[in-house]
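A.B. asks: predicted model and sequence below, questions to follow.
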Amino acid sequence: MRMSLAQRVLLTWLFTLLFLIMLVLKLDEKAPWNWFLIFIPVWIFDTILIVMLIVKMAGRCKSGFDPRNGSQNMKKKVWYLIAMLLKLAFCLALCAKLQRFTTMKLAYVFIPLWALLIGGMVELGYNIFYVRRD
């Protein structure tokens, strides 16, 4: 199943809106829910993205796959998977901290996010300065 751009944008907006509504209800103290419940739209959206990414990566293993430009494409997909896992680690650590499951310092909670941002900056720099222009 291949989703069109409009479907992906609509899905992204839907999950973002749902998350923001739940977050506002929690912050206004109208909903005494657990922080992990507030992040359910984020978990669902991330799960969909990770599954789609793994399916695309697994598609390289099928017979008849054209390997041209495959290694560069595979490196990009591996980076996307690492980025999604870093985002997931940050969200889990943040929820654990907000729910007071851990006494971890807030600076440690943000380490996966900082790693994600640094990796994003490195990828941006690579794409701007080092990618050959044909």
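C.D. replies: Right, received. Where do you want to start? Numbering: from 1, shown residues only.
A.B. asks: how far away is the residue positioned nearest the centre of the chain from residue 37?
C.D. replies: Averaging the C-alpha coordinates of the chain gives a centre point, and the residue nearest to it by C-alpha atoms, centre = their mean is residue 84 (3.4 Å). Counting by C-beta to C-beta, to the nearest Å, the separation of residue 84 from residue 37 is 21 Å. Every residue, glycine included, has its C-beta placed from N, CA and C.
A.B. asks: hang on, the earlier thing: do I have it right that the residue nearest to the centre of the chain meets residue 46?
C.D. replies: Yes: because the distance of 6.1 Å satisfies C-beta atoms under 8 Å, residue 84 is recorded as touching residue 46.
A.B. asks: from the middle of its chain, how far away would the longest helix along the chain be?
C.D. replies: For the chain, the longest helix by residue count, based on DSSP state H, is helix 70-98. Between the mean C-alpha point of helix 70-98 and the mean C-alpha point of its chain there is a distance of 6 Å (C-alpha atoms, centre = their mean, to the nearest Å).
A.B. asks: does anything pack onto that helix? Which helices or strands?
C.D. replies: Using 3 or more C-beta pairs under 8 Å, 6 or more residues apart in numbering; DSSP states H and E as the contact criterion, the secondary-structure elements in contact with helix 70-98 are helix 35-38, helix 40-58, helix 106-109, helix 111-129.
A.B. asks: next, the buried residues of the first one.
C.D. replies: What that stands for is helix 35-38. Buried positions in helix 35-38, judged by neighbour count with 16 or more other C-beta atoms under 10 Å: 35, 38.
A.B. asks: contacts for that helix?
C.D. replies: By C-beta atoms under 8 Å, 6 or more residues apart in numbering, the list of residues contacting helix 35-38 from outside reads 19, 22-23, 26, 94-95, 98-99.
A.B. asks: neighbour-wise, which one of those residues leads?
C.D. replies: Of the contacts of helix 35-38, residue 95 is surrounded by the most neighbours, 20 neighbours in total, counting by other C-beta atoms under 10 Å.
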